[in-house]
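Participant: build me a model:
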Amino acid sequence: MYVVLAVPYTELVMTSWNLRGRLSTLTRIGLLSLLAAANAAPQAHAQAHANDKWTAAWTASPQAILRAEDGFEVELPATLSDQTVRQTLRLSLGGRAVRIVLTNAYGKAPLVIGEARVARVESGSTIVQGSDRALTFGGETRVVIPPGAPAISDPVQIDLPLLSDLSVSIYVPETTPIDTFHWSGQQTGYLAKGNVTSATTITADATFTSRLFVSAVLSSGSGSNRVIAAFGDSITDGSSVTVDSNQRWPDILSERLAPHRVGAINAGISGNQLLTDGMGANAIARFERDVLSQPGVEAVIVLIGINDIGAFSTMKVPTAGELIAGYRQLIAQARSRGVRIFGATITPFEGALEDFAAGFYTPEKEAVRAQVNAWIRSGGELDGFVDFDAALRDPQRPTQILAAYDSGDKLHPNDAGYRAMAEAIELAPLLRRR
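Facilitator: Predicted structure coming up:
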């Protein structure tokens, strides 16, 4: 039990000095010791977990903000000021303690966080009473994150079962441009005026489905430190999944891995490309940050290339050889870190995005996809492969996604399609240790 004295340190010292005869030296020493113990309590708790084994239980890959001038409608305001952001994160691993990783990866100025708290989610913006915990950063509730940097919280004790929902509430006190986000979160977040991080329920002034400020959650005490990473573009990110449903293929993979006490994290970015910057840094550039540096990752499934082939942000379509060379760079990075790497065949896309990006599909581009898939299946350079192409294609027209799995744009799966993808993954090779 800790006793906190609501008296400033200097006032307590002066009072104890001026009382002289009525307050003995022994009493003064006792009070100062008590105050020191109370102030040290949060640090002692953090220190108790300092040597714990930390594992990535959730991730959202950071990217630079998209603006209307870039051709995208972003539901977020340009700036925040004196506002609280509350978000829900589905963790693949539970545990007894967590650390939250905040990010200012693309910020042009320091990011000031006035307060941040975590809690278990009851529903919507409501947290479970009694589960609320304050976060500290080096013992302080306020943290200033330099441009381009992350900030990792001190450990905080909170009991979380497998596949639990964690609420993260962040107070932004100063006028702050939103420079870093994760576009396609597909999970409702809440914005409210003032510091309401500890409120049981937030009455939102606005909602959004992107991700703000949080790039990872690390857990300890789950009984496992093994993680499988899913790396790719919107089909991994789950851009067409039903909002708040947690039905992306990495989510369902998490459910399948849970009995084995192995987690799965999602490192997809919608619109991402293997070779070219655009929607997020190119996959080769961000692979280290978003996958290999995440604690506990021992295998990765890579599904990337359709936006390169469709020439999403450039008129130049890469050859199959250029894409395979890019894959080989991912393989080299993974092998250098002792991480096993599995390729996933690129999914069908005939007729895709006709209303949004005319010419995204052509027979010539289909030929590139077929060559890359042939290499993934039989090249022998990967540790294995997952045949997402076979899981989603229409048997009567293999260049198209099966209608029952199509979200409507002939590129992105619907919820049933994502489940078919996850169920096509053979677990034994993933679970096998190197």
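
Participant: can you point out the buried residues in stretch 338-347?
Facilitator: Across stretch 338-347, burial judged by 16 or more other C-beta atoms under 10 Å covers 339, 340, 341, 342, 343, 344, 345, 346, 347. Yep, even glycine has a C-beta here, placed from its N, CA and C like the rest.

Participant: would you turn these into CSV with secondary structure, distance to residue 170 and pLDDT?
Facilitator: As requested, these are exported to CSV (DSSP: H, G, I helix; E, B strand; the rest coil; distance: C-beta to C-beta, whole Å; pLDDT from 0 to 100):
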residue, secondary structure, distance to residue 170, pLDDT
339, coil, 31, 98
340, strand, 35, 98
341, strand, 34, 98
342, strand, 35, 98
343, strand, 37, 98
344, strand, 34, 98
345, coil, 39, 98
346, coil, 37, 98
347, coil, 35, 98
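
Participant: can you list the residues you listed in JSON lines and add distance to residue 80?
Facilitator: Listed next are the buried residues of stretch 338-347 as JSON lines, based on distance: C-beta to C-beta, whole Å:
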{"residue": "339", "distance to residue 80": "36"}
{"residue": "340", "distance to residue 80": "40"}
{"residue": "341", "distance to residue 80": "38"}
{"residue": "342", "distance to residue 80": "39"}
{"residue": "343", "distance to residue 80": "40"}
{"residue": "344", "distance to residue 80": "37"}
{"residue": "345", "distance to residue 80": "41"}
{"residue": "346", "distance to residue 80": "38"}
{"residue": "347", "distance to residue 80": "37"}
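
Participant: go through these and name the one nearest residue 274.
Facilitator: The nearest member of these to residue 274, counting by C-beta to C-beta, is residue 346 at 10.3 Å.

Participant: and that closest one, how far from residue 157?
Facilitator: From residue 346 over to residue 157 the distance is 43 Å, taken as C-beta to C-beta, to the nearest Å.

Participant: ok, residue 224 touching residue 259?
Facilitator: No. Counting by C-beta atoms under 8 Å, residue 224 stays clear of residue 259, with 11.2 Å between them.

Participant: please identify which of those two sits among more neighbours.
Facilitator: Higher neighbour count among residue 224 and residue 259: residue 224, with 20 against 9, using other C-beta atoms under 10 Å.

Participant: contacting residues for the more buried one?
Facilitator: Listed by C-beta atoms under 8 Å, 6 or more residues apart in numbering, the contact partners of residue 224 are 55, 93, 261, 262, 263.

Participant: need the strands for the stretch 101-250 of the chain, in chain order.
Facilitator: Using DSSP state E, counting those that start in this stretch, the strands of the stretch 101-250 of the chain run over 111-113, 115-123, 126-127, 133-134, 143-145, 150-152, 156-160, 165-172, 176-177, 180-181, 189-193, 206-208, 214-220, 227-232.

Participant: can you lay out the ones you listed as CSV showing mean pLDDT, mean neighbour count and distance to residue 401?
Facilitator: Listed next are these as CSV, based on pLDDT from 0 to 100; neighbours: other C-beta atoms under 10 Å; distance: least, C-beta to C-beta, whole Å:
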stretch, mean pLDDT, mean neighbour count, distance to residue 401
strand 111-113, 98, 21, 40
strand 115-123, 98, 20, 33
strand 126-127, 98, 20, 38
strand 133-134, 98, 15, 43
strand 143-145, 98, 18, 41
strand 150-152, 98, 17, 37
strand 156-160, 96, 18, 36
strand 165-172, 98, 24, 30
strand 176-177, 96, 17, 39
strand 180-181, 96, 23, 29
strand 189-193, 98, 19, 30
strand 206-208, 96, 15, 29
strand 214-220, 98, 25, 31
strand 227-232, 98, 28, 16
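
Participant: so, low pLDDT: which residues of this protein?
Facilitator: For the chain, the stretches flagged by pLDDT under 70 are 1-51, 70-71, 73, 312-314, 434.

Participant: now with 90, please.
Facilitator: 1-52, 66-75, 222-225, 278, 311-316, 354-359, 379, 433-434 (pLDDT under 90).
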